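J.: take a look and give me a structure for this.
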Amino acid sequence: MLTRLSMVVAALLAAALLTGGTAAAATTQEAEAAQLTGGASVETEHPGYTGTGYVGGFVDANKGNATAMFTFTGVTAGGADLTVRYANGTGGTRTMSLVVNGSTRQISLPATANWDTWATSHQAVTLTGGNNTIGLRYGTGDNGNVNVDNAAVAPLPAGLEAESAQLSGGAVVESEHPGYSGTGYVGGFVDANKGNATAMFTLTGVTAGDRTLTIRYANGTGGTRTMSLVVNGSTRQISLPATANWDTWGTTAEPVTLTAGTNTVAIRYGTADNGNVNVDNLALTTALPATGGELETAFLSGGATTGADVSGYTGSGFVTGLTAVGARVVRTVHVPTAGAPAVTLRFRNPTGGGRTLSLYANGLRQGQVTLPAGDWQTVTHTVPMRAGVNLLGYQVDQGDTGGVQLDNVAVAGSTALDPRGATLPYTTYEAEAGGTTGRVLAADRTYTTRQAEASGRRAVELTGIGQYVQVTLTKPANAITVRASIPDNAAGTGTTAPLAVYAGGSKVADLTLTSRYSWMYGPYPFAGAPGGERPHRYFDDSRTTLPATYPAGTVLRLAKETTAVDTITVDLVDAEVADPALSAPTGYVNVNSYGAVPNDADDDTAAVRSAIAAAKSSGTKGVWIPAGRYVVGGLIEVAGVSVRGAGIWHTVLQGVDRRGGFMATGSNVQLADFTFDGDVTTRDPDGAPNSDAAIEGDFGTGSLVHHVATNHAKVGLWVKGDTNGLLASVLRVRNTMADGVNVNGNATGVRVEQSTFRNTGDDALAMWSYAGIGGTVRDSVFAFDTVSLPILANGAAVYGGANNRIEDTLVTDTVFQGSGITVSNWHDATPFSATTTVQRNTLTRTGTHSLDWGSDLGALWLYAPSTAFTGAVVLRDLTVNDSTYQGLLTSWQQAIPNLTVDRVTFTGTGTTAMEFNTPGNGIFSNVTVTANNGPPLANNSAFTITRGPGNTGW
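T.: Reported below is the predicted structural model:
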């Protein structure tokens, strides 16, 4: 018997309206409550339905007649998302007729796994204000034979229909291709209208701030197309990947900053674009508060990907593809104090039954999360977290059913990550900003001076007994790292000297300084003898824990109380509260049980290897290295297991005689919570390696390197081979003889984030697509990293490859033979393809002079030494401060033909703000030049500059 028509409110859409009002709600109606005719009937045979049943009877005997008619009241006029929940156990796609206010079109319903499995289909519909009827009918042109559980309608989140925009330049309203929202879409973005076709939207009643603009479009060309996005007159190029065909609609999300009141947003086929897309609508959303995190911008691997084909999500989309074992999403969150905060996960489960994922915190499985069936909803669980940056993960493990979509997470008590650079656990105190009885060295960037290698290009020199430098803590601390320099000895074997540490007026420690890992001479590879030409690499780090945690306001004094050396030059102090020692995870193999003895002089390499072998043979996932210092004189091979320590201040692996480190192979390798302190004292010549990286490997899916510190190694992290889906997070890389991180080979989907690099002997961060081994690094990113004082080469660099990014990173004080950020096809790099993006970075006191070439290098350096660039390069949302020479430099002579520069500010460049020594072309918008010490522009080649809007000072 038919029940009374009822309507219930489903999950709230999280996207805020343009006016800042409340979010729109989806309205759901159970199919068994609809008006049923023509043989459609209520059934309960197959479980997993919502309400009291579902509607069947859409069988061949009722073809042309069986109908379920829903009536929705109190509807807001406009485009809406219709969700139909159905089951189709026939094994093939079936069709039904969708009837909206008397207008009929056919829809397709793909097969579900069986009749007990439920799926959803989303259809764009246009509704009138007030009452609307929506019917599902087995029409005469359909093949029917499905069951229907419910239907829901929700207004498109903050949608702006393209057909309502102000159209010009040939842009026109069309309706040829179905699936659009509203009354049509806008086409006319064709080559004949290039440079003119525009859809201009006017947004009113907007609250000022950062927003996410989602553009719904179709691109049936088969390749990525570009258009120009113009926000309040500011233009940038956006990429629109291909959709399956012209009847398939996709979305792309772009960050925008809006002013209070009225704003204009335009989609234009610009002169530098390749256009040829259709545009359906725009949607504007706000970011989550500081306690939350969008998961579509998190690290994804193992098949996890982003989607936007289901309405109701927040941000720019959601995570989907969580089906195969190993699929995962990992989000970094910052928690000020250790504990077990509540974590609220927003998800969608369209499967019809409860589904499960495994929950991870900092690489350790915390159990299984069950996610009930239904549209967007939340579930809350507690997760153990340490103070500082944590890795929160959801993964499909053996025994999980997956198949859900994840939107965002909110962690109670968490605070926002820093908008650029790594969110640091320590506070840096510059020596020259403190009090001193020594001598503050004048600022100098001249190569081979101590100041040139000092943070901020100044330091404090202590020469007399009792001279000191002191700083006042602004936060509590119980551990310090001091960056200092002492003289070399004639043999080049290094000197040592104590540096007295006082806290609150009392001496609490003597910190041992050494020159063993500093002082190099001559040209590259710096093999000159002590006292030779070009002395450099003056500074090194020494660290110690303190006997107590000293509060903010405590004065820390560093005093020279020794005659072992004539001079101690102090650059800076990093002070922090060291985390307490971690405990062994349950079931991990302890290296002490296999002969590793902490704090002695014996080599523990064999013992660690034996523990790893035992873990693999027993099926145990991990190896535990307790607190202590362990000697590691050889490479430790790791495959398929985790190796964890008690924390970077507690577990130390000590290399000897230039050797020692980890060599990872394959999937599911995890290295975490230890310090590797190497013993590499000189730079290897090219092609003659005789030292080890701290961590090297061909990492497979599921691999993770996190909360690791390295010091005095050849390289901090060398990623090679066919690495796929590696996440490296919260690394502290110091004093390498070569690169900090180098991602090479055919690495795909590698992310290095929330990490810090100082005093690297080559590029701090590099992606190198080496053609000599057929390598192409692709779809990889350096994000939210902090780089300072690379003493050779660049802060960050991309050498060839496909679709790689450097973003949200801080680079300061480059020293020699490099820039702040370089994009180049140097070093026999595989040619660029797709788009290389450098965005949202800040460069301060970067760029150097090359003695080898006799030329200056800019803060941003595009270097094409042998062949022209292929692929596009985008530089946007960049701040370049106090560049030593040029702000932007292109060299050498080969073409750079597809450059976009947008929203870049050059302040105080030492010479020319922008210098071009290559042919090519680029579009420059919103580029600002101020306080430069040379001409704003020097075009020494046939580089064609297209000036967009918003440029000032040049």
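J.: and the residue lying closest to Thr337 once chain neighbours are set aside, what's its pLDDT?
T.: Leaving aside its chain neighbours, Thr337 sits nearest to Ala387 (5.3 Å; criterion: CB to CB, 6 or more residues apart in numbering). For glycine as for every other residue, the C-beta is placed from the backbone atoms N, C-alpha and C. pLDDT for Ala387: 96.
J.: in this protein, where is pLDDT below threshold?
T.: 1-26, 78-79, 124, 155-159, 207-210, 285-292 (pLDDT under 70).
J.: separation between the spatially most central residue of it and Gln754?
T.: With distances taken as CA atoms, centre = their mean, the residue of the chain nearest its centroid is Ala783 (4.8 Å). To Gln754, Ala783 is 8 Å away according to CB to CB, to the nearest Å.
J.: for Ala61, which non-adjacent residue is closest in space?
T.: Ala61's closest residue in space is Gly39 (CB to CB, 6+ apart), at 6.9 Å.
J.: show the contacting residues for the one you found.
T.: 57, 59, 61-62, 65-66 (CB atoms under 8 Å, 6 or more residues apart in numbering).
J.: in this structure Pro178 contacts Asp247, no?
T.: Yes. The criterion here is CB atoms under 8 Å, and Pro178 meets it with Asp247 at 5.8 Å.
J.: could you confirm Ala606 falls within a strand?
T.: No. Per DSSP: H, G, I helix; E, B strand; the rest coil, Ala606 lies outside any strand segment and is helix.
J.: that one: neighbouring residues, count only.
T.: 15 (other CB atoms under 10 Å).
J.: how much space separates it from Thr651?
T.: From Ala606 over to Thr651 (counting by CB to CB), the distance is 18 Å.
J.: Val186 too?
T.: In terms of CB to CB, Val186 sits 60 Å off from Thr651.
J.: and if you look at Thr946?
T.: 55 Å.
J.: so the two - more neighbours on which side?
T.: Thr651 (24 against 14).
J.: is it true that the more buried one touches Gly645?
T.: Yes. Proximity of Thr651 to Gly645 meets the contact threshold set by CB under 8 Å, at 2.9 Å.
J.: now for these two: what residues contact both?
T.: 625-627, 673-675.
J.: these: which two are farthest apart?
T.: Pro626 and Thr675 (13.7 Å; CB to CB).
J.: now the common contact residues for these two.
T.: 645, 651.
J.: so the closest residue to Gly887 other than its chain neighbours bridges to which residues?
T.: Nearest-residue entry for Gly887: Phe906, 3.7 Å, with adjacent residues in sequence omitted and distances by CB to CB, 6+ apart. Counting by DSSP bridges, Phe906 is bridged to Val880, Val929.
J.: hey, where'd the strands end up in the stretch 101-250 of the chain?
T.: Counting by DSSP state E, counting those that start in this stretch, one finds strands in the stretch 101-250 of the chain at the ranges 103-109, 119-127, 130-137, 147-155, 159-161, 166-168, 172-174, 185-187, 198-206, 209-218, 225-231, 234-240, 250-258.
J.: so which of these is nearest Asp579?
T.: For Asp579, the closest of these is strand 209-218, at 32.5 Å, according to CB to CB.
J.: which residues sit against that closest one?
T.: Contacts for strand 209-218 (CB under 8 Å, 6+ apart): 177, 179, 181, 185, 229, 231, 238, 240, 243, 245-258, 265, 267, 277-287, 308, 315-317.
J.: in its sheet, what does that strand sit against?
T.: strand 250-258 (antiparallel), strand 278-286 (antiparallel).
J.: if you count neighbours, what's buried in it?
T.: 211-218 (16 or more other CB atoms under 10 Å).
J.: cool, and stretch 512-520?
T.: Buried, per 16+ other CB under 10 Å, within stretch 512-520: 513, 515-520.
J.: ok, residues contacting it?
T.: 482, 484-489, 492-499, 526, 528, 530, 535-540, 542, 568, 680-683, 712, 735.
J.: around Ala192, count how many other residues there are.
T.: Neighbours around Ala192, by other CB under 10 Å: 9.
J.: how about Thr351?
T.: 21.
J.: look at it and give its secondary structure.
T.: coil.
J.: that one touches Ala119, doesn't it?
T.: Yes. Using CB under 8 Å, Thr351 makes contact with Ala119 at a distance of 7.4 Å.
J.: Leu556 and His849, how far apart?
T.: Where His849 is concerned, Leu556 sits at a distance of 36 Å (CB to CB).
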